[in-house]
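Peer 1: Task: produce atomic coordinates for the following.
(4 chains)
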2 protein chains.
Amino acid sequence: METTYPVEDKVGSMLQKGGEHFHPGLSVDCVIFGFHDNQLKVLLLKMKHADKWALPGGFVYKEEDVEHAAVRVLESRTGLSDIFLRQYHTFGAPARSDRKLNRELLESVGMEPHEGHWFLQRFITVGYYALVDFSSAVPRPDEISEACAWWDLQEIPLLTMDHNHILQKALETLRKQLNDQPIGYNLLPEKFTMPELQRLYETILGKRLDRRNFQRKMLGYGILNRLEERKQGVAHKAPFLYSFNQERYGAALQDGLQQGW
Amino acid sequence: METTYPVEDKVGSMLQKGGEHFHPGLSVDCVIFGFHDNQLKVLLLKMKHADKWALPGGFVYKEEDVEHAAVRVLESRTGLSDIFLRQYHTFGAPARSDRKLNRELLESVGMEPHEGHWFLQRFITVGYYALVDFSSAVPRPDEISEACAWWDLQEIPLLTMDHNHILQKALETLRKQLNDQPIGYNLLPEKFTMPELQRLYETILGKRLDRRNFQRKMLGYGILNRLEERKQGVAHKAPFLYSFNQERYGAALQDGLQQGW
DNA sequence: AAGTCTGTGTGTCGCTGTAACACAATGTAA
DNA sequence: TTACATTGTGTTACAGCGACACACAGACTT
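Peer 2: Purely as a prediction, here's the structure:
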């Protein structure tokens, strides 16, 4: 975990008035991926009223597009707009809702949760994953959290409810879609080196790739611009910097790049 | 369209009591694929109170797993159990709900739809696609339909609401997952010939494949058992019959077969 | 009964993409 | 200046695939 920000408490009013404004029994959860220090990171929230971490999520307004709700979550947790976002699965098991936890949360903000309170019913959640540039994101907690931080994928703790499962499924989807989606473009900064791009692929796939074949294959796609500059201050031969050729990238993704690493 | 069955009208009670029993604002829709006469088919319902066809769908009980609701729909429309079923997308645009249509439906069964009636609110729907053996399925309409029939994929009419879109997305998903899912096993009968399997692939992919390369590739997977018998009564050399080796099939699908036709 | 027709089973050949590895180039540190 | 680590590029062997040739089997024609 890296950076955290405090935020004011508005949880009471949201939980109280939620029933009027939100689509009942529906939420969105976002698995926000970033890449830093050659590691794949996920943005998590530390809940105020339970000693557990959780995925960023939110509720859907009554006349709001579900995807728009995910965009709201994303923007408010990272400060970024125009984020790469994909819906990947909807989690609809009745047992996934933890009424006990939610009841405690209500009580902890001084509410007396009557039976049938909107927050105590069973929730279906729509899962989205997002790819963001780690260095431009500014993690920010929501109303019911005390911290918001990047976690290394290797060190994810036990999360609340079924959030470990939701995260796991997001990762599987990411791996499958690695060649169909502009993943590098969204997770890396404007300029990057070939080794950096390779680390990204290796981290997502969880296996090592041959340096030389990787380079050839990537360049073969014709979606990268080699820049004039080279990386500075490295204790060895300085690698070239590249940027994505967005036009060609988009065209190539029409068909999907190629398959099979 | 092929076979149709009538069914008794219980729509009134369902629409009346629905609010008590169902998870609010949530439905499932199923794109049920079958394969017959070298054509990919989809099971559609003719609505009673509108001159349009629709995808089979239903509502989710308050403590029911969403997937279970899809299974219910599937079983009651086809008479089959143990159906191959995959969730593929959740449709959450506010504009997708057609309040006007639903109001008319309520009025047509003699109900006076008050504002805020559960059936008039906005619905999110979870899309599933299913693969069934055409010859064993027995299409049966639901309470709000007067007919249930297989439609050729090439001849799909204008459907209600956003159902054309939902169907289109299912087809795209099916194409993408052709090599990751046991598609042949579910859409074909127990015994089948290589040309039949090839027609199935060609129909799903929407393009022709080379007969000889297809055969070699398929056999190369090692997931087919060549039977002793051959197809009878054909006006040319009789092709072998095959069955799926479920054990090997399952193992091969762990990694995904191969990619790219 | 022989020939024709249609569709199936198997083989071959060239191309492409991939994996595995060799070697030269470059910049920092000793 | 030398050693070292890492990058850029080349080579080679192999597997998979697309395109095609040819032989085979059953039914139909004449």
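
Peer 1: Residue of chain A nearest DNA strand C, please.
Peer 2: A:Lys237 (2.9 Å; CB to the nearest atom of the strand). C-betas here are computed from N, CA, C, even on glycine.

Peer 1: what ranges do the helices span in chain A?
Peer 2: Remark: helices assigned in chain A by DSSP state H are A:11-21, A:66-78, A:99-108, A:163-176, A:183-187, A:194-205, A:211-221, A:246-255.

Peer 1: For chain B, find the nearest of these.
Peer 2: The closest of the helices of chain A to chain B is helix A:66-78. By CB to the nearest CB, the value is 2.7 Å.

Peer 1: That closest one close to chain B?
Peer 2: Yes. Helix A:66-78 lies within reach of chain B by CB under 8 Å from any CB of the partner chain, at A:Val66, A:Glu67.

Peer 1: what would the helices of chain A look like in CSV with mean neighbour count, distance to DNA strand C and mean pLDDT?
Peer 2: Converted to CSV, these look like this (neighbours: other CB atoms under 10 Å in any protein chain shown; distance: least, CB to the nearest atom of the strand, whole Å; pLDDT from 0 to 100):
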stretch, mean neighbour count, distance to DNA strand C, mean pLDDT
helix A:11-21, 14, 50, 76
helix A:66-78, 21, 33, 97
helix A:99-108, 15, 45, 87
helix A:163-176, 18, 15, 95
helix A:183-187, 21, 16, 88
helix A:194-205, 18, 11, 94
helix A:211-221, 13, 4, 93
helix A:246-255, 12, 13, 76
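
Peer 1: Let's have these in TSV, adding distance to B:Leu241.
Peer 2: Converted to TSV, those look like this (distance: least, CB to CB, whole Å):
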stretch	distance to B:Leu241
helix A:11-21	60
helix A:66-78	47
helix A:99-108	54
helix A:163-176	34
helix A:183-187	44
helix A:194-205	40
helix A:211-221	42
helix A:246-255	36
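
Peer 1: For A:Gln232, which non-adjacent residue is closest in space?
Peer 2: Nearest non-adjacent residue to A:Gln232, counting by CB to CB, 6 or more residues apart in numbering or on different chains: A:Ala238, 6.9 Å away.

Peer 1: So what sits opposite the residue nearest the centre of chain A in the bridge?
Peer 2: For chain A, the residue nearest the mean C-alpha position is A:Ile32 (0.9 Å; CA atoms, centre = their mean). Taking DSSP bridges as the rule, A:Ile32 bridges to A:Ala130.

Peer 1: TSV please, covering the helices of chain A and showing distance to DNA strand D.
Peer 2: Conversion of these to TSV gives the following (distance: least, CB to the nearest atom of the strand, whole Å):
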stretch	distance to DNA strand D
helix A:11-21	47
helix A:66-78	29
helix A:99-108	46
helix A:163-176	18
helix A:183-187	15
helix A:194-205	3
helix A:211-221	4
helix A:246-255	14
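
Peer 1: so the residue nearest to A:Gln232 touches A:Pro195, yeah?
Peer 2: No. If you go by CB atoms under 8 Å, A:Ala238 and A:Pro195 don't touch, sitting 11.2 Å apart.

Peer 1: What is the neighbour count of A:Asp180?
Peer 2: When neighbours are counted by other CB atoms under 10 Å in any protein chain shown, A:Asp180 registers 13.

Peer 1: ok, now how distant is the residue of chain A closest to DNA strand C from A:Pro195?
Peer 2: 11 Å (CB to CB, to the nearest Å).

Peer 1: give the contact list for the closest residue to A:Thr90 other than its chain neighbours.
Peer 2: Once flanking residues are discounted, A:Thr90 sits nearest to B:Thr90: 4.4 Å by CB to CB, 6+ apart. Contacts for B:Thr90 were tallied using CB atoms under 8 Å, 6 or more residues apart in numbering or on different chains; they are A:Val66, A:Gln87, A:Thr90, A:Val126, B:Ile124, B:Thr125, B:Val126, B:Gly127.
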